[in-house]
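show me the folded form of this:
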Amino acid sequence: MDASNAAERSGPIPNAGDVLQFAESDYCYGIGPLVLRVTRVGADLGRYPRLEWLSLRGVELRRDGSAGPERQVLVRTSALPRTA
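Model (predicted):
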């Protein structure tokens, strides 16, 4: 199995600027649902396709869409949006 197929199976690789939404059970270091605009991805899922957790840094978005604090979180790779 090549890396591109493995990465697709795990979900798309997030990029800086992506806005991702996570349930409380799908990330560490917080309470409640999280909406995060990604600024940095901690690992390359194409290179390491079997990761279960991925470190993301980004800006938390509040319910009204305004920027909140910068956050670093671990998210379940299984919670990343799936490709079509």
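
please save the CA atoms from stretch 19-31 in PDB.
C-alpha atoms of stretch 19-31 as PDB (Å, rounded to 0.1, in the frame of the first residue of the first chain):
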ATOM      1  CA  VAL A  19     -11.300  25.100   9.600                       C
ATOM      2  CA  LEU A  20     -12.000  21.900  11.400                       C
ATOM      3  CA  GLN A  21     -14.700  21.000  13.900                       C
ATOM      4  CA  PHE A  22     -14.200  18.400  16.700                       C
ATOM      5  CA  ALA A  23     -16.400  16.800  19.300                       C
ATOM      6  CA  GLU A  24     -14.900  16.900  22.900                       C
ATOM      7  CA  SER A  25     -14.200  13.100  22.600                       C
ATOM      8  CA  ASP A  26     -12.000  13.600  19.500                       C
ATOM      9  CA  TYR A  27      -9.400  16.000  21.000                       C
ATOM     10  CA  CYS A  28      -7.300  16.500  24.100                       C
ATOM     11  CA  TYR A  29      -6.800  19.600  26.200                       C
ATOM     12  CA  GLY A  30     -10.200  21.100  26.300                       C
ATOM     13  CA  ILE A  31     -13.900  20.900  27.200                       C
END
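
could you list the low-pLDDT ranges of this structure?
1-11, 83-84 (pLDDT under 70).

try 50 this time
1-10 (pLDDT under 50).

okay, buried residues for stretch 43-56 please.
Applying a neighbour-count criterion of 16 or more other C-beta atoms under 10 Å, one finds 45, 49, 53, 54, 56 buried in stretch 43-56. No exception for glycine: its C-beta is placed from N, CA and C like everyone else's.
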